[in-house]
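>>> Could you look at this predicted model? Sequence included:
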Amino acid sequence: MAIGAARRRACRTSGRGGRREVALKAKTVRIWSVVHTWSSLISTLFLLLLCVTGLPLIFHHEIDELLGYDPKPELAQPGAVKRSIDEIARTALAHDPGRVLQYILWDKDEPNTVIAFTNNKVDGDPDAATLRAYDAHTAKPLGSVGGGPMLIFLKLHVDMFAGQPGKLFLGAMGFLFLIAIVSGVVLYWPFTRRLSFGTLRDKSRRIAWFDWHNLLGAITIAWALVVGATGVINTLAEVMLNQWKATELADMVKPYAGKPPPVHLASLDATLEKARNAAPGMNVSFVAFPGTPFTSSHHFAVFMRGDTPLTSRLLKPVLLDGETGEVSDARDLPVYLKALLVSQPLHFGDYGGMPLKIIWALLDVMTIVVIGSGLYLWVVKRRKHHSHALAGQVSLQPSR
Amino acid sequence: MTAARKSRVSGNWRTVYGGPLLIGALSIAGLLSALLYEGPGRYFSWLALGAPVALTVWFFARRKRI
C-alpha cells in the first residue's frame, strides 16, 4: 500500500522525479538480477545432480521391484496365522550373528512383510545397517531390502556420500534454489511485461531459450517451490530429531535418570500389544529398540500411524519400558517433526499413484530445462559481453 | 493504438502474473488434495498438476514461427 501511494505521488511530480524513479527501478532490477544470477550459478551443478538423481528415485519402488531388491512375501494360506514378532526377531539375529536389532518396520502397503534392521551397535552408523525382509506368516527370510543401484542414486541425492555435512550442504544449495525462484518471480515482471504469457519465439537460439526459461520457470513455480522447500526441510531431519531428543524425549524419560540400560528386553509381542492399546485406532509403523537414535537408552519407542494418506505420515510415538514393556509415556510429536513428516510425501511425490509419479517426473524434467537454459543464457550473455560482436541482435533487456 | 494493444505493451500485473499465479494456485491445490482426500483428491491432483505440463504442450503447439 505505502509503496503504491509513493509511486502514484512520484508519477505526479516533475520529470526529474520521474527520471529518478526510473533510475531507481533500473537499480532494483540490477540488484535482483545479481541475486538471481549468483544464487542459481552457485547451486547449478548441485541442482542438476539433485534433479537428475531425483528422476529415477521417483520410481524407486518400481525399479527395486523390477531388479529384485523389493522382496515379496509368499502367498499366505487362507486362515494362516502370523508368526510372533519375537520369533522373527530371533530369526533376524540368527541370520546376522554378532549384530543387534535397531528397528522392526511394517510397510504400509505390504502388511505381510516384516523388515528388520540390524547393525553392529544399537547406535551404529546408518550406512552399516542391514535391512532384511521376513514373511509375516512363515518367518522365512525373503532377502535384503533397498540395496542395488537405487541406493547409489539415493546416496548421491541425499548426501553425495559425504554424510551429515554433505546433507546440510545440499540443504544450503536447495535454499539457494528457493532464492533463485523468488528473485526469478521478481525479474519476470521487467523481462516479460511486453510479452503475453506463453510466448515462444524462435528468432534466435538465445531468444528461444530465453522464452523457454521464462515459460517453464513460471509454469512450474509452485511445484518447484514446494519440492525445493520440502527437500530443504528433509535435510534438517537429524537436527530436528536431536532437538526432540534433547527436549521432549529427555522430559519423558526423566524418571529413568541414572538407571542402567535394560539387560533383558521385554517380549516384543507384549510390548507392541500395549503400544496398540495406548494408541487406539492406529497401527504400528516401526519399533525402535532401546539405545537407537529414535528413542532413549531405556525404552522401546513404538511409532504408530493412522490409515489416511495424511495421518499415515503423522506418527505418534509410544514409549515403553525396555525391561517390562509397560507404557511410560505417549505424546504427539512437536510441530516441527510433524512438518518434517508431512513434507516427505510432498518431496517424494509418492502419494498419488502412478499418474502423479509420471507428472512428477515431467515437472522434474521441465525444471532441468529451466536450470540448463538459465546456465546457457548466462554463458551467452557473458560471451557477448566479452566480444561485443553480436551487433544487431535483439537484446534481452528489461523493458521500462 | 487501441486500448487493448496499449495495455499489452505497457503490461499490468494481471497480464504478467495472472497466468502463472492461476497455475501456481492450481498446483498447490493438487499437491494438497491427494494428501488430504484419498479417492477424488487423487484424481483432482492428476488434473491440477498435469495442467502445467498440458499447458506447456499447448503453448508449444501454437507457437508462432517468426
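The structure has been received and is ready for your questions.

>>> ranges for the strands of the stretch 201-350 of chain A?
A:283-288, A:299-305, A:316-321, A:327-330 (DSSP state E, counting those that start in this stretch).

>>> Would you mind telling me which of the ones you listed is nearest chain B?
Each of the strands of the stretch 201-350 of chain A has some distance to chain B by Cβ to the nearest Cβ; the shortest is strand A:299-305, at 14.4 Å. The C-beta positions use only the backbone N, C-alpha and C, and glycine is treated the same way.

>>> will you turn the strands of the stretch 201-350 of chain A into CSV that also has mean neighbour count, distance to residue A:190 and mean pLDDT?
Formatted as CSV, the entries for those read as follows, by neighbours: other Cβ atoms under 10 Å in any protein chain shown; distance: least, Cβ to Cβ, whole Å; pLDDT from 0 to 100:
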stretch, mean neighbour count, distance to residue A:190, mean pLDDT
strand A:283-288, 20, 50, 96
strand A:299-305, 25, 48, 96
strand A:316-321, 23, 50, 94
strand A:327-330, 18, 55, 92
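
>>> JSON lines for those, including distance to residue A:202?
Conversion of these to JSON lines gives the following (distance: least, Cβ to Cβ, whole Å):
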{"stretch": "strand A:283-288", "distance to residue A:202": "53"}
{"stretch": "strand A:299-305", "distance to residue A:202": "52"}
{"stretch": "strand A:316-321", "distance to residue A:202": "56"}
{"stretch": "strand A:327-330", "distance to residue A:202": "63"}
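
>>> want to try a markdown table for these, with distance to chain B as columns?
Putting the strands of the stretch 201-350 of chain A into a markdown table (distance: least, Cβ to the nearest Cβ, whole Å) gives the following:
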| stretch | distance to chain B |
| --- | --- |
| strand A:283-288 | 16 |
| strand A:299-305 | 14 |
| strand A:316-321 | 18 |
| strand A:327-330 | 25 |
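
>>> How about residue 44, nearest residue that isn't a chain neighbour?
Unless you meant another one, I'm taking chain A. Once flanking residues are discounted, residue A:44 sits nearest to residue A:375: 5.5 Å by Cβ to Cβ, 6 or more residues apart in numbering or on different chains.

>>> Chain B was what I was after
Here the nearest residue to residue B:44 in space, its sequence neighbours aside, is residue B:33; by Cβ to Cβ, 6+ apart that works out to 4.6 Å.

>>> wait, what's in contact with that neighbour?
Residue B:33 makes contacts with B:40, B:41, B:42, B:44, B:45, B:48, as judged by Cβ atoms under 8 Å, 6 or more residues apart in numbering or on different chains.

>>> got a pLDDT number for it?
Looking at residue B:33, its pLDDT reads 95.

>>> And it, how close does it get to residue A:351?
With distances taken as Cβ to Cβ, to the nearest Å, residue B:33 is found 11 Å from residue A:351.

>>> Residue A:69 now?
Using Cβ to Cβ, one gets 22 Å for the distance from residue A:69 to residue A:351.

>>> so where's the stretch 1-150 of chain A shaky on pLDDT?
Low-confidence segments of the stretch 1-150 of chain A, defined by pLDDT under 70, span residues A:1-21, A:24.

>>> What subset of the contacts of residue B:33 is buried?
With burial judged by 16 or more other Cβ atoms under 10 Å in any protein chain shown, the buried subset of these is B:41, B:42, B:44, B:45, B:48.

>>> Can you add pLDDT and secondary structure and give those residues back as TSV?
TSV is the format used below for the buried ones among the contacts of residue B:33 (pLDDT from 0 to 100; DSSP: H, G, I helix; E, B strand; the rest coil):
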residue	pLDDT	secondary structure
B:41	93	helix
B:42	94	helix
B:44	97	helix
B:45	97	helix
B:48	97	helix
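
>>> Just flag the most distant two among those.
Spanning the widest gap among the buried ones among the contacts of residue B:33 are B:42 and B:48, at 10.8 Å by Cβ to Cβ.

>>> Could you work out which of the strands of the stretch 201-350 of chain A reaches nearest to residue A:159?
Taking Cβ to Cβ, strand A:283-288 is the member of the strands of the stretch 201-350 of chain A nearest to residue A:159, at 21.6 Å.

>>> Contact partners for residue A:299?
Taking Cβ under 8 Å, 6+ apart, we find residue A:299 in contact with A:253, A:256, A:290, A:319, A:320, A:321, A:322, A:328.

>>> Now the residue nearest to residue B:44: which helix or strand?
Here residue B:33 sits within helix B:13-36, counting by DSSP states H and E.

>>> Can you point out the buried residues in that helix?
B:15-17, B:19-21, B:23-24, B:26-35.

>>> And stretch A:171-178, by the same measure?
Going through stretch A:171-178 with 16+ other Cβ under 10 Å, the ones that come out buried are A:171, A:173, A:174, A:175, A:176, A:177, A:178.

>>> Let me know the closest of those residues to residue A:158.
Residue A:158 lies nearest to residue A:171 out of the buried residues of stretch A:171-178, by Cβ to Cβ, at 10.3 Å.

>>> Who is the closest residue to residue A:312 other than its chain neighbours paired with across the strands?
Closest residue to residue A:312 apart from its sequence neighbours, by Cβ to Cβ, 6+ apart: residue A:305 at 4.8 Å. Each beta-bridge partner of residue A:305 is listed here, defined by DSSP bridges: residue A:283.

>>> and residue A:305, what does it touch?
Taking Cβ under 8 Å, 6+ apart as the criterion, residue A:305 is in contact with A:108, A:282, A:283, A:284, A:285, A:311, A:312, A:313, A:314, A:315, A:316.

>>> likewise residue A:298?
A:253, A:256, A:259, A:261, A:262, A:290, A:321, A:322.

>>> Residue of chain A closest to chain B, please.
Distance from chain B to each residue of chain A (Cβ to the nearest Cβ) is smallest for residue A:193, at 3.2 Å.

>>> So what's the residue count around that residue?
Each residue near residue A:193 was counted by other Cβ atoms under 10 Å in any protein chain shown, and the total is 19.

>>> mind checking how far it is from residue A:36?
When distance is defined by Cβ to Cβ, residue A:193 is 16 Å away from residue A:36.

>>> Could you do residue A:282 as well?
Using Cβ to Cβ, we find residue A:282 at a distance of 46 Å from residue A:36.

>>> hmm, back to that, now, which of the buried residues of stretch A:171-178 lie within helices?
Members of these lying in helices (criterion: DSSP state H): A:171, A:173, A:174, A:175, A:176, A:177, A:178.

>>> With distance to residue A:278 added, can I get those in JSON lines?
Shown next, in JSON lines, are those (distance: Cβ to Cβ, whole Å):
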{"residue": "A:171", "distance to residue A:278": "35"}
{"residue": "A:173", "distance to residue A:278": "41"}
{"residue": "A:174", "distance to residue A:278": "37"}
{"residue": "A:175", "distance to residue A:278": "39"}
{"residue": "A:176", "distance to residue A:278": "44"}
{"residue": "A:177", "distance to residue A:278": "42"}
{"residue": "A:178", "distance to residue A:278": "40"}
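
>>> what about the spatially most central residue of chain B, distance to residue A:200?
Closest to where the C-alpha atoms of chain B average out (Cα atoms, centre = their mean) is residue B:23, at 3.1 Å. Separation of residue B:23 from residue A:200 (Cβ to Cβ) stands at 16 Å.

>>> Kindly report the same for residue A:43.
Taking Cβ to Cβ, one finds residue A:43 at 26 Å from residue A:200.
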